[in-house]
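J.: output the structure for:
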Amino acid sequence: MKTLIKNVKIVNEGRIFESDILIENDIISKIDSSISEEADQIIDAAGKYLLPGIIDDQVHFRDPGLTHKGDIETESRAAIAGGVTSFIDQPNTVPNAVTQELLADKYEIAAQKAYANYGFMMGGTNDNLDEVLKTNPRNVPGIKLFLGSSTGNMLVDNPETLENIFSNTKMLIAVHCEDEATIRANTQQYIDEYGEDIPMKFHHLIRSEDACYKSSSKAIELAEKTGARLHVFHLSTAIETGLFRNDIPLKDKKITAEVCVHHLTFTNEDYETKGGLIKWNPAVKTQKDKDGLWEALLDGRIDVIATDHAPHTWEEKQNVYTKCPSGAPLVQHSLVVMLENYKNGKISLEKIVEKMSHNPAILFRIGKRGFVREGYKADLVLVDLNENWTVAKENILYKCGWSPLEGMNFHSKVTHTFVNGNLVYDNGKITEEKFGERLLFEERD
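T.: The predicted structure is shown next:
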């Protein structure tokens, strides 16, 4: 099968250039200013931009056990519509993926259901070190630790256990950092004043800047002490950005950071209108925090942009504060949100591609993906930067059927998505066939 894309502007490795590109089966076989080979399908992409497929390093697709909210089929379908061609899913499903057998079960489900390429994190707990150490670094992206309890309550708070995990694995350790004692004390204080129905606007004061900084600084201290490879998920405060470096290339960093689209988009002012729909852990915080995150993203202290895609039903999100689950769906809209920021002059196209495609591939050592290069897997996205549309019920593909971005206007659109050389999304039409593959990883020294 050959696909020829003509007259497209390719955004890759810090430059934008006009070119043709030939895909043979699942591989990019040729990139040249003019290709005239016979092909099974030819796409004239004049005026459009071609990006490497987005790699989202943090999603919760809810399979198994929480599939009333979303599942691998529905959410990966939404992902490809948003230009996300690979995802890394988290272990706080039901049951939690904390044994090799339970982890293997998730991979089996994905082999049947995934529209996009997939990887699943192994979950760490206070008492599963033996299972964690059996994880194969070639076909599992890393170990996930919740250092603050969140959906699924996989809290790891035993200092000895933490040190053992950090000391004994060469695999990447990804962490959710919020200090549990601080959050519990803050929650109690607000319950004493308001009961269960705490106004949502206090969420960022309950899951506070202090709770985040205390936990992330402690995790970094432990990584420095043990030499572990640490990736801090979803930074939400300006103060935490000071814990990370930008003076060495990403491939040489042992301690890295991610920011999520929502922390670059919303602030605590938005609780007034959005309420529980923008309740995330860690919380969306102040304008000062948002500005600090943007600064660190652009200067290289933050390495990756992801979503923490975490669907809940509309009904669940209407509950009072203490019963309203944290998390929201984003994987269909992360790229267009960032393209809107490009339109507004906040970030370049090259930088978006670096943070959403190149860097996740470098950081997780994903083989032959994340770049537009000859010989690499053809995971590609075509975008039209001049198409206006609005997020509305009828174009939301998440199983939960809602988005915190509903009603927002965008001025760019994903038109085509290729997964392993297959055109899986074409101007709103999604293939019935699934071409997602298991992601493979190069071992660390």
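J.: so what's the residue count around Gly375?
T.: Look at Gly375: counted by other CB atoms under 10 Å, it has 8 neighbours. Glycine gets a C-beta too; all of them are placed from N, C-alpha and C.
J.: pretty sure it sits against Lys368.
T.: Yes: Gly375 is within contact range of Lys368, at 7.2 Å (criterion: CB atoms under 8 Å).
J.: can you show me the strands along the stretch 151-300 of the chain?
T.: Secondary structure of the stretch 151-300 of the chain by DSSP state E, counting those that start in this stretch: the strands cover 172-176, 229-232, 255-260.
J.: export these as JSON lines, with columns for distance to Gly53 and mean pLDDT.
T.: Compiled in JSON lines, the strands of the stretch 151-300 of the chain are given as follows (distance: least, CB to CB, whole Å; pLDDT from 0 to 100):
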{"stretch": "strand 172-176", "distance to Gly53": "21", "mean pLDDT": "97"}
{"stretch": "strand 229-232", "distance to Gly53": "20", "mean pLDDT": "98"}
{"stretch": "strand 255-260", "distance to Gly53": "18", "mean pLDDT": "98"}
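J.: can you lay out the ones you listed as a markdown table showing distance to Glu433 and mean neighbour count?
T.: Converted to a markdown table, the strands of the stretch 151-300 of the chain look like this (distance: least, CB to CB, whole Å; neighbours: other CB atoms under 10 Å):
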| stretch | distance to Glu433 | mean neighbour count |
| --- | --- | --- |
| strand 172-176 | 31 | 25 |
| strand 229-232 | 33 | 24 |
| strand 255-260 | 31 | 23 |
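J.: distance to Leu423 added to the ones you listed, as TSV?
T.: Converted to TSV, those look like this (distance: least, CB to CB, whole Å):
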stretch	distance to Leu423
strand 172-176	32
strand 229-232	32
strand 255-260	29
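J.: quick one: closest of these to His204.
T.: strand 255-260 (14.5 Å; CB to CB).
J.: how about the top helix by length along the chain: buried residues?
T.: Using DSSP state H to define each element, the chain has its longest helix at helix 209-226. If you call a residue buried by 16 or more other CB atoms under 10 Å, then helix 209-226 has these buried ones: 209-220, 222-223, 226.
J.: what's that helix packed up against?
T.: helix 159-168, strand 172-176, helix 180-194, strand 229-232, strand 255-260 (3 or more CB pairs under 8 Å, 6 or more residues apart in numbering; DSSP states H and E).
J.: where's that helix relative to the chain centroid, distance-wise?
T.: A distance of 21 Å separates the C-alpha centroid of helix 209-226 from that of its chain, computed with CA atoms, centre = their mean, to the nearest Å.
J.: other residues contacting it?
T.: The contact list for helix 209-226, computed with CB atoms under 8 Å, 6 or more residues apart in numbering, reads 147-148, 162-163, 166-167, 173, 175, 177-179, 182-183, 186, 228-230, 232, 235-237, 239-240, 243, 254-255, 282, 285, 289.
J.: which of those count as buried?
T.: With neighbours counted using 16+ other CB under 10 Å, these contain these buried positions: 147-148, 162, 166, 173, 175, 177-179, 182-183, 186, 228-230, 232, 235-237, 239-240, 243, 255, 282, 285, 289.
J.: quick check: the residue lying closest to Ser34 once chain neighbours are set aside vs Lys6, distance?
T.: Distances taken as CB to CB, 6 or more residues apart in numbering put Asp20 closest to Ser34, at 6.0 Å, once the chain neighbours are dropped. Remark: distance between Asp20 and Lys6 (CB to CB, to the nearest Å) = 5 Å.
J.: just to revisit the earlier point, figure out which of the helices and strands packed on helix 209-226 is closest to Ile42.
T.: Closest among those, using CB to CB: strand 255-260, at 37.6 Å.
J.: partner strands of the closest one, with direction?
T.: In the sheet containing strand 255-260, the strands it pairs with under DSSP bridges are strand 229-232 (parallel), strand 304-306 (parallel).
J.: ok, residues contacting the last one?
T.: Contacts with strand 304-306, where a contact means CB under 8 Å, 6+ apart, come from 56-59, 233-234, 256-261, 264, 297, 334, 338, 352, 355-356, 359-360, 363.
J.: picking up where we left off before, can you list the helices and strands packed on helix 209-226 in JSON lines and add distance to Gly70?
T.: Formatted as JSON lines, the entries for the helices and strands packed on helix 209-226 read as follows, by distance: least, CB to CB, whole Å:
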{"stretch": "helix 159-168", "distance to Gly70": "29"}
{"stretch": "strand 172-176", "distance to Gly70": "19"}
{"stretch": "helix 180-194", "distance to Gly70": "26"}
{"stretch": "strand 229-232", "distance to Gly70": "24"}
{"stretch": "strand 255-260", "distance to Gly70": "17"}
